[in-house]
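Novice: let's see this in three dimensions:
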Amino acid sequence: MSDEQPYIDYDNLPVPDEGILVTTFLTVENVDRSRRFYSEVLGGTVVLERNPCMVKLANSWLIMNPGGGPTPDKPGITLVPNQQRDEVSAFLNLRVADIAQVYREWSAKGAEFVTEPIDRGAEIRCYLRDPDGYLIEVGQSTGLLQGDLAKIRPEDPTG
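Specialist: Residues are numbered from 1 along each chain as shown. Here you go, the predicted model:
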């Protein structure tokens, strides 16, 4: 084992002075690949290279580590990377000021979007997947700023 210390950006560690700070944990297959995607493609700042990897993305943090079995603080729970299914129960939602610019920049850096940005009235949005298949929504509020809400679809539950 190497005596070399991993890179740590102490000024950007997610440590609140008071209250609460939200981070997102992703179980990934390849930490180096995920770190490169979130820092080089999406423009995040590497805070900790590994164990766990931390990337500050705008005003939030992503924490990434490989999966693993139960531990004393999470007995009976195993962390596994995304299975890249088409059914999703949670996803990262990134709000941007200029979606057309972000779409061009990230596409040029290798991001693979599901579709081009689509105007949905309240917002313009599109989706992409990270190297582990996690879904990421990228959206720009437009009509919402004038009170135009997303349209309710017939299949949406009411009440």
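Novice: okay, domains of the protein per the record?
Specialist: With domains defined by automatic domain parsing, the chain comprises 1-68, 82-159.
Novice: please report phi then psi for residue 105.
Specialist: With angles defined as degrees, to the nearest 10, residue 105 sits at phi -60, psi -50.
Novice: could you find the closest non-adjacent residue to residue 6?
Specialist: Closest residue in space to residue 6, ignoring its immediate chain neighbours: residue 49 at 4.6 Å, by Cβ to Cβ, 6 or more residues apart in numbering. Heads up, the C-betas are built off the backbone N, CA and C, glycines and all.
Novice: thinking again about what came up before, residue 74 is nearest to which of the domains of the chain?
Specialist: domain 1-68 (9.6 Å; Cβ to Cβ).
Novice: ramachandran coordinates for the residue nearest to residue 6?
Specialist: Main-chain dihedrals, residue 49, degrees, to the nearest 10: phi -70, psi -40.
Novice: I'd say residue 6 and residue 46 touch.
Specialist: No - with contact defined as Cβ atoms under 8 Å, residue 6 does not reach residue 46; the gap is 10.2 Å.
Novice: helix, strand, or coil at residue 39?
Specialist: Look at residue 39: counting by DSSP: H, G, I helix; E, B strand; the rest coil, its state is helix.
Novice: where's the nearest residue to it once chain neighbours are set aside, which helix or strand?
Specialist: Leaving aside its chain neighbours, residue 39 sits nearest to residue 46 (5.1 Å; criterion: Cβ to Cβ, 6+ apart). For residue 46, the element it lies in under DSSP states H and E is strand 45-48.
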